[in-house]
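Undergrad: Based on what follows, work out the 3D shape:
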Amino acid sequence: MLEKFFKLSDNGTDLKTEIVAGITTFMTMAYILAVNPSIMAAAGMDQGAVFTATALSALIGTLLMAVFANYPFALAPGMGLNAYFAYTVVLGMGYSWQVALTAVFVEGLIFIVLSLTNVREAIFNAIPKNLKAAVSVGIGLFIAFIGLQNAKIVIGGSTLLQLFSVENYNAVNNVQASFQNAGITVLLAVIGIIITGILVIQNIKGNILWGILITWVLGIVCQFTGLYVPDPKLGFYGLLPDFSSGLSIPSLAPVFAKLDFSSILSLNFIVVIFAFLFVDMFDTIGTLIGVSSKADMLDEEGKLPRIKGALFADSIATTVGAVLGASTTTTFVESASGVSEGGRTGLTAVTTAILFGLSLFLSPIFLAIPSFATAPALVVVGFYMLTNVVNIDFDDMAEAIPCYICMIAMPFFYSISEGISMGVISYVALHLITGRGKEKKISILMYILAVLFILKYLFL
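TA: So this is what the prediction gives:
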């Protein structure tokens, strides 16, 4: 039955590979279950209710991806979009979180229309092949950067970024951490990267997942031996699951269906919707391009088969998530970790979705996985995606330079969508100015996108 529905053999995979890939994807994105509620709580939302909404949104969205597109991509409330929701729309612009949820809901409805009318699919197909490869590489650099930050190997400083040291960490964060909390976790993350790298070199099945688990276990050993001393005030928590509150699921009632349409006709509200729409659209398209390129899912023309189903799943997930009480639900770039483990079908997504469902009951276990254990996975996945750079034609400078701009913009601007914006603008501008536009047969949609991106920077 699974073979018939997911077409495992046709996609060169098997049951075990898909399950391991699904577990790996979940492990690398389980942090959203802890991070999203804390961010949304800043907007005045009930933290327990948001946890439940986050898990349910991820469960539903990821299942929709499996059913509509049979792809190994997982969805959840997106990072960046949740911060925009809480800190810009609610705290900055003064809207209630109920109005912000309504903006997400309306954005989802617009996305459904765009997906059904092939607009999003057309945008995906309009992006040139070289630029698609660059998106994949840029996402790899971005993921690795996130991993280094999560592990605190890279921290802020007088030079904008700097290598970790306890002294620098304390100065940047104005705290009094020590080697036994901040220092040992960074060391464990570095060891985790080395261990995962060894497992990759030895071609051990499930190497990324094993890397996460081994690093976590090493942390637990350090806690038992006193090398790691938890300090919740500084954000360093115990590494053992805490079942003191039992297995109850936090009520969804405080945030469920709390939509407020009272401000829907105001100009600022329209701007908020557009901001959600823009970031979500190009984050999703960028993720689909990057991850599918790495998995060799694109056809000879650089198109992704069944993309309409993938985009439709994403848009419905956003709409349903808003009703549940979650910020914009989007396709997660961490899906690349499961793809790197060999995940190729919706069975990977189903496995991830099931784990999000279980997380409702076993949240203490999943929330106990520390960021220093998942960070090595992100760094190694970044390496996997970086290898796509060989598919860029560096002999053609008109192609190579926009690709270069796209690649470096993603980590430097900390945004997939900004990387795509810069890539598209520079691609069109360089081809137009040098007279290469007609020769390369750039689509009209690419010109339209470039103009829209420029207008965005001018007026938003």
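
Undergrad: All the helices of the stretch 201-350 of the chain, residue numbers only.
TA: Listed in chain order, the helices of the stretch 201-350 of the chain (DSSP state H, counting those that start in this stretch) span 207-225, 267-294, 307-324, 335-340, 346-359.

Undergrad: Between the ones you listed, which has the poorest mean confidence score?
TA: For the helices of the stretch 201-350 of the chain, the bottom mean pLDDT is recorded on helix 267-294, which sits at a mean of 77.

Undergrad: nearest to R120, of the helices of the stretch 201-350 of the chain?
TA: helix 307-324 (4.7 Å; CB to CB). (C-beta placed from N, C-alpha, C; glycine too.)

Undergrad: Hey, what's the angle from that closest one to helix 346-359? Just curious.
TA: Helix 307-324 runs at 10 degrees relative to helix 346-359, counting by axes from the mean of the first three to the mean of the last three CA atoms, to 10 degrees.

Undergrad: Next, the angle helix 267-294 makes with helix 307-324.
TA: Using the same axes, to 10 degrees: helix 307-324 against helix 267-294 is 140 degrees.

Undergrad: Determine the set of other helices and strands touching helix 307-324.
TA: Helix 307-324 is packed against helix 47-69, strand 75-77, helix 97-116, helix 119-126, helix 267-294, strand 329-331, with contacts defined by 3 or more CB pairs under 8 Å, 6 or more residues apart in numbering; DSSP states H and E.

Undergrad: Just put these in JSON lines and tack on mean neighbour count.
TA: Listed next are the helices and strands packed on helix 307-324 as JSON lines, based on neighbours: other CB atoms under 10 Å:
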{"stretch": "helix 47-69", "mean neighbour count": "25"}
{"stretch": "strand 75-77", "mean neighbour count": "32"}
{"stretch": "helix 97-116", "mean neighbour count": "22"}
{"stretch": "helix 119-126", "mean neighbour count": "19"}
{"stretch": "helix 267-294", "mean neighbour count": "22"}
{"stretch": "strand 329-331", "mean neighbour count": "29"}
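
Undergrad: Relative to M446, which of these is closest?
TA: helix 119-126 (5.3 Å).

Undergrad: which secondary structure elements does the closest one contact?
TA: By 3+ CB pairs under 8 Å, 6+ apart, helix 119-126 packs against helix 97-116, helix 267-294, helix 307-324, helix 444-459.

Undergrad: Of the helices and strands packed on helix 307-324, which is nearest G226?
TA: Among these, helix 47-69 comes nearest to G226, with 31.3 Å by CB to CB.

Undergrad: Can you give the distance of that closest one from its chain's centre?
TA: Helix 47-69 sits 14 Å away from the centroid of its parent chain (CA atoms, centre = their mean, to the nearest Å).

Undergrad: Once you drop chain neighbours, what's closest to L81?
TA: Nearest residue to L81, sequence neighbours excluded (CB to CB, 6 or more residues apart in numbering): T328, at 4.2 Å.

Undergrad: what sits against the one you found?
TA: Neighbour list for T328: 77-78, 81-82, 85, 104, 107-108, 276, 279-280, 318, 321-322 [criterion: CB atoms under 8 Å, 6 or more residues apart in numbering].

Undergrad: Return the member of these nearest to A450.
TA: Closest approach between the contacts of T328 and A450, by CB to CB: V279, at 17.7 Å.

Undergrad: what residues does the helix or strand of the chain at the bottom of the mean pLDDT ranking touch?
TA: Of the helices and strands making up the chain, the lowest-confidence element is helix 437-440, at a mean of 69, by mean pLDDT, DSSP states H and E. For helix 437-440, contacts defined as CB under 8 Å, 6+ apart pick out 128, 398, 428, 431.

Undergrad: in the chain, which ranges drop under the pLDDT threshold?
TA: 80, 245-246, 366-367, 437, 460 (pLDDT under 70).

Undergrad: tell me the domain ranges of it?
TA: 2-239+260-387, 388-459 (automatic domain parsing).

Undergrad: what's the most buried one of those domains?
TA: Mean neighbour count (mean count of other CB atoms under 10 Å) peaks for domain 2-239+260-387 among the domains of the chain, with a mean of 21.

Undergrad: Do me a favour and get the end-to-end distance for that one?
TA: Using CA to CA, to the nearest Å, the end-to-end distance of domain 2-239+260-387 comes out at 32 Å.

Undergrad: Equivalent analysis for stretch 231-247, please.
TA: 25 Å.

Undergrad: again with stretch 385-399
TA: Stretch 385-399: ends 19 Å apart by CA to CA.

Undergrad: Residues in contact with that stretch: which ones?
TA: Residues from elsewhere that reach stretch 385-399 (CB under 8 Å, 6+ apart): 128-131, 133-134, 136-137, 139-141, 143-144, 290-291, 293-294, 336, 400, 403, 407, 427, 430-431, 434, 436, 440.

Undergrad: Not counting sequence-adjacent ones, nearest residue to Y237?
TA: Y237 sits nearest to P230 (CB to CB, 6+ apart), 5.6 Å away.

Undergrad: Now do the same contact list for the one you found.
TA: 181, 223, 236-239.

Undergrad: how about 10 Å then?
TA: By CB atoms under 10 Å, 6 or more residues apart in numbering, the residues touching P230 are 180-181, 223, 236-240.

Undergrad: Then E301?
TA: Applying CB under 10 Å, 6+ apart, one finds that E301 lies in contact with 125, 129.

Undergrad: Over to the one 5 residues further on?
TA: Residues near R306 by CB under 10 Å, 6+ apart: 68-71, 297, 312.

Undergrad: change it to 7 Å
TA: Residues near R306 by CB atoms under 7 Å, 6 or more residues apart in numbering: 69-70.

Undergrad: Going forward, the N-terminal residue is numbered 679.
TA: Fine by me, first position is 679 from now on; the one you just mentioned is R984.

Undergrad: So it versus D961, what's the distance?
TA: Note on R984: its distance to D961, by CB to CB, to the nearest Å, is 20 Å.

Undergrad: Repeat that for I871.
TA: In terms of CB to CB, I871 sits 26 Å off from D961.

Undergrad: likewise K807?
TA: 21 Å.

Undergrad: can you check G870 too?
TA: 27 Å.

Undergrad: likewise A720?
TA: Separation of A720 from D961 (CB to CB): 21 Å.

Undergrad: now do T730
TA: 24 Å.

Undergrad: I'd assumed R1022 was in contact with A973.
TA: Yes: counting by CB atoms under 7 Å, A973 touches R1022, with 6.4 Å between them.

Undergrad: OK, contacts around the closest residue to D920 other than its chain neighbours?
TA: Take D920 and drop its neighbours on the chain: the residue closest to it by CB to CB, 6+ apart is P1042, 5.0 Å away. By CB under 7 Å, 6+ apart, the residues touching P1042 are 919-921.
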